[in-house]
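Sequence and predicted model, in that order:
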Amino acid sequence: MAMSIALRKPGESESFPLEIGGLASGRRNGRGAATNRSGRYEPIAYEPVDDGWESLTELEALTTEVQEVPARRIITRNSSPDIGFDRSINPYRGCEHGCIYCFARPTHAFLGLSPGLDFETKLFAKTNAGAALERELADPSYRPRTIAIGTNTDPYQPIERRYRIMRRILEVLSAANHPVGIVTKSALVLRDLDLLRSMAERGLVKVALSVTTLDRKLARAMEPRASTPDKRLETVARLVEAGVPTSVMVAPVIPGLTDMEMERILERSAAAGVRNAGYVLLRLPLEIGDLFTEWLTANCPDRAKRVLSLMRSSRGGKLYDAKWGERMVGEGPYAWMIGRRFEIAAERLGFNKESVELRTDLFTPPVLPGQQLRLL
């Protein structure tokens, strides 16, 4: 395969040609992104070009590389006005699920890596997350509020089977009676059903499963290593049966590609016993705009122009607008219609009649080795 090199200033937006010969046929099996576009901070951008020998159809398989990194602190704080939590934990950086639309992809640029294939294949595991969490919870100044996990990268992505970092985090939180909210696309969450059931009995946990589409073929191309849609709905039913407060997120909703499935997803969720649901309109910040456009052109060429047109009509003429209060739901007639459809379906199916409030009054700080027990 021939490679062309384009020079640009660090941080300058790079425009890549989308019509790359052999892109669809050369897509790496089990990966979401088609290319490894350089991150926004890199001074040199590499671009694949077919050299005439169909070399783009002979791309080598990519293996997942995991680097173990110690975390000095594990709880991340935020003050975003349109997010319902002020702290979160990300056990991993990068995500093997490979969802092409993942809004966490641009974070890999901070590491000098590509938000494209690097994000799916060069992962970082915070192997001391449990110990770091114990230290932070034991701090006398710490005040408990619900910790969100899975809001950036998925804590139950495939490498969790080996590293079990999320399992250890849940053990620490359970022992301290600390509340947690989990978002995932993986049936692997059922591995920890014993902990989740126990925490649910104490009002300490809620779980949300994200369901983007019910189309298995589309899901495999768009979210290649996440659990299948049917498996996610089976997982939802198992969690509900175990007494774990569970919701479904129709997220992201992709105008012109998946939005027509919203009512069916909600109906299937209701049949599984779910009583709370939400939705988020597709977000394409920074490098994701080019990556998603590239994927869409390769995998859904007959719908690409319409999807991109609807996205721009829902984002003030751009592919993305980060404006507070609107970035999750968009603006304009089409975005408004999606919101009203969700509300009507949710009302019809009896969703969101009651909210789940987790308890903080049971919190018992961990006692570290050599630390004196608290009297109160």
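Good, I have the coordinates.

Identify the residue spatially nearest to residue 309, adjacent ones excluded.
Distances taken as CB to CB, 6 or more residues apart in numbering place residue 256 nearest to residue 309, at 7.9 Å, with adjacent residues excluded. Where you see a C-beta, it was placed from the backbone N, CA and C, and this is true even at glycine.

In contact with that neighbour, which residues?
Residue 256 makes contact with 303, 306-307, 309-310, according to CB atoms under 8 Å, 6 or more residues apart in numbering.

Can you flag the buried ones in those?
307, 310 (16 or more other CB atoms under 10 Å).

wait, what's in contact with residue 83?
Applying CB under 8 Å, 6+ apart to residue 83 gives the contacts residue 151.

Relative to residue 324, how far out is it?
Look at residue 83 and residue 324: by CB to CB, to the nearest Å, they are 10 Å apart.

any low-confidence regions in the stretch 251-376 of the chain?
Low-confidence segments of the stretch 251-376 of the chain (pLDDT under 70): 371-376.

can you give me the helices in it?
262-271, 288-299, 304-313, 333-349 (DSSP state H, counting those that start in this stretch).

Could you do the stretch 101-250 of the chain as well?
Under DSSP H, counting those that start in this stretch, the stretch 101-250 of the chain gives helices at 117-121, 129-138, 160-163, 165-175, 193-201, 216-222, 229-241.

got CSV for the ones you listed, with distance to residue 276 too?
Shown next, in CSV, are the helices of the stretch 101-250 of the chain (distance: least, CB to CB, whole Å):
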stretch, distance to residue 276
helix 117-121, 30
helix 129-138, 27
helix 160-163, 25
helix 165-175, 21
helix 193-201, 14
helix 216-222, 22
helix 229-241, 11
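
deepest of those, which one?
Ranked by mean neighbour count under mean count of other CB atoms under 10 Å, the helices of the stretch 101-250 of the chain are led by helix 117-121, which reaches a mean of 25.

Centre of the chain to that one, how far?
For helix 117-121, the distance from its own C-alpha centre to the chain's C-alpha centre is 14 Å (CA atoms, centre = their mean, to the nearest Å).

what about dumping the CA coordinates of it to CSV?
Presented in CSV, the C-alpha positions along helix 117-121 are these (Å, rounded to 0.1, in the frame of the first residue of the first chain):
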residue,chain,number,x,y,z
LEU,A,117,-7.9,2.1,14.8
ASP,A,118,-5.4,3.0,17.6
PHE,A,119,-8.4,3.7,19.9
GLU,A,120,-9.7,0.2,19.4
THR,A,121,-6.4,-1.7,19.4
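
quick one: contacts of it?
Applying CB under 8 Å, 6+ apart, the contact partners of helix 117-121 are 28, 31-33, 35-36, 62-65, 94-98, 102, 104-105, 108, 113, 225.

from those, which would you call buried?
Among those, the ones that count as buried (16+ other CB under 10 Å) are 28, 31-33, 35-36, 62, 64, 94-98, 102, 104-105, 108, 113, 225.

How about residue 235, nearest residue that isn't a chain neighbour?
Residue 235 sits nearest to residue 187 (CB to CB, 6+ apart), 4.5 Å away.

so who does the one you found touch?
By CB under 8 Å, 6+ apart, the contact set of residue 187 is 227, 231-232, 234-235.

Tell me which two in those are the farthest apart.
227 and 234 (8.9 Å; CB to CB).

So the residue nearest to residue 235 versus residue 234, what's the distance?
Taking CB to CB, one finds residue 187 at 7 Å from residue 234.

got it, and residue 197?
From residue 197 over to residue 234 the distance is 17 Å, taken as CB to CB.

Dump stretch 184-203 to CSV, restricted to CA.
Written as CSV, here are the backbone C-alpha positions of stretch 184-203 (Å, rounded to 0.1, in the frame of the first residue of the first chain):
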residue,chain,number,x,y,z
THR,A,184,-22.5,-0.7,29.2
LYS,A,185,-23.1,-2.4,25.8
SER,A,186,-21.8,-5.8,27.1
ALA,A,187,-23.5,-8.9,28.5
LEU,A,188,-20.3,-9.4,30.6
VAL,A,189,-22.0,-7.2,33.2
LEU,A,190,-23.9,-10.4,34.2
ARG,A,191,-20.6,-11.9,35.5
ASP,A,192,-20.9,-9.5,38.4
LEU,A,193,-24.6,-10.2,39.1
ASP,A,194,-23.8,-11.4,42.6
LEU,A,195,-22.3,-8.0,43.5
LEU,A,196,-25.0,-6.0,41.6
ARG,A,197,-27.8,-7.9,43.3
SER,A,198,-26.4,-7.3,46.8
MET,A,199,-25.8,-3.6,46.1
ALA,A,200,-29.3,-3.3,44.6
GLU,A,201,-30.8,-4.6,47.8
ARG,A,202,-29.1,-1.7,49.6
GLY,A,203,-30.1,0.9,47.0
